[in-house]
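# just need the structure, nothing else, for what follows:
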Amino acid sequence: MKILKATNIVKYFTEPEKFQVLKGVSFDVEQGEFLSIIGKSGCGKSTLLYILSTMDTDYEGTMEINNTTVTGLNQNQLAAFRNQHLGFVFQFHYLLPEFTALRNVMMPALRLGKYSDKEIEHRAMEKLRLVGMDEYATKHASRLSGGQQQRVAIARALVNDPTIIMGDEPTGNLDKANSTRVFDIFKQLAHDNKQTIITVTHDVDFANGSDRIIEMEDGRIIGTHYPNGKQG
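Numbering: from 1, shown residues only. Next up, the predicted model:
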């Protein structure tokens, strides 16, 4: 089942002068697929992820996520859609340092307002357990290591059971051991939980462990690779 469909995405920057950063990018993503987008700095991959995330709406082309055409929705509609369908893991964890790990994970679900506080706490603990951080639930985020903070950030991205988890250099600030741990979590989410993962990464080992690699150069897709030799 196709979970995301991007069709002829074109993007211009206008400052300091008009510049075309994406040049007709089209691709589909299947449910439960673990996709990595790679390319040199400036190739347009992070700009593309920002559009896929629905946070940038100033583009040409169309995008569908979970059978909903998100192109053309207003900001309130997009905010509601994001909170329900998309989870985000960034290079920097963006945890609130004065809150516990548990409270940080609960925040997106509290905003969604779909469950009771007790149910949200239960769900948040489940997600912390999934990433091996349940024993740190009552620790303040500021007291956790970088690798622990990133695992809490993944749990936070998962709390609303999103359709797609999007990662922008999710291992960029981590050492090898923690990068491997984060990769293993993503792999488990895709293959066991059938959650779709789309990451932009410079980490070659990380990309080579995913199901499919899209390589970009100069605003275009120049290649698609299946590291495990398995297509579709």
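
# so I213: helix, strand or coil?
strand (DSSP: H, G, I helix; E, B strand; the rest coil).

# what's the closest non-adjacent residue to it?
Leaving aside its sequence neighbours, I213 sits nearest to H225 (C-beta to C-beta, 6 or more residues apart in numbering; 4.3 Å). (Glycine included, C-beta is placed from N, CA and C.)

# the one you found: neighbour count?
Other residues near H225 come to 15 when the count uses other C-beta atoms under 10 Å.

# quick one, strands of this structure?
For the chain, the strands defined by DSSP state E occupy 2-13, 19-30, 34-38, 60-65, 68-69, 86-90, 164-168, 196-200, 212-217, 220-225.

# going by mean pLDDT, which of those strands comes out lowest?
Looking at those, the lowest mean pLDDT belongs to strand 86-90 (a mean of 86).

# any idea which residue sits dead centre in this structure?
Residue closest to the average C-alpha location in the chain (C-alpha atoms, centre = their mean): M166, at 1.0 Å.

# where do the helices sit along this structure?
Along the chain, counting by DSSP state H, helices occupy 45-52, 75-85, 101-112, 117-130, 146-158, 176-191, 204-208.

# so the first one versus strand 212-217, what angle?
In this case it means helix 45-52. Interaxial angle, helix 45-52 versus strand 212-217 (axes from the mean of the first three to the mean of the last three C-alpha atoms, to 10 degrees): 120 degrees.

# against which helices or strands is helix 45-52 packed?
strand 2-13, strand 19-30, strand 34-38, strand 164-168, strand 196-200 (3 or more C-beta pairs under 8 Å, 6 or more residues apart in numbering; DSSP states H and E).

# likewise the last one?
Secondary structure elements in contact with helix 204-208, counted by 3+ C-beta pairs under 8 Å, 6+ apart, are strand 34-38, helix 176-191.

# do the third one as well
Helix 101-112 is packed against helix 75-85, helix 117-130, helix 146-158, with contacts defined by 3+ C-beta pairs under 8 Å, 6+ apart.

# and the ones you listed: which comes nearest S179?
helix 146-158 (8.6 Å; C-beta to C-beta).

# quick one: mean pLDDT over that closest one.
88.

# just the angle for that helix relative to helix 117-130, thanks.
Using the same axes, to 10 degrees: helix 146-158 against helix 117-130 is 130 degrees.

# could you give the angle of helix 146-158 to helix 101-112?
Using the same axes, to 10 degrees: helix 146-158 against helix 101-112 is 20 degrees.

# and the helices of the chain: which comes nearest D218?
Among the helices of the chain, helix 45-52 sits nearest to D218 (C-beta to C-beta), with 11.3 Å.

# from F90, how far off is G209?
Distance, G209 to F90, using C-beta to C-beta, to the nearest Å: 20 Å.

# so D175 sits right up against G147, yeah?
Yes - with contact defined as C-beta atoms under 8 Å, D175 reaches G147; the gap is 7.3 Å.

# neighbour count for these two, which is higher?
G147 (18 against 12).

# who's in contact with the more buried one?
Counting by C-beta atoms under 8 Å, 6 or more residues apart in numbering, G147 touches L174, D175, A177, N178, R181, V182.

# try I197
E33, F34, L35, I164, I165, G167, F186, L189, A190, S210.

# which residues does the closest residue to it other than its chain neighbours contact?
Distances taken as C-beta to C-beta, 6+ apart put F34 closest to I197, at 4.5 Å, once the chain neighbours are dropped. By C-beta under 8 Å, 6+ apart, F34 lies in contact with F186, K187, A190, H191, T196, I197, S210, D211, R212.
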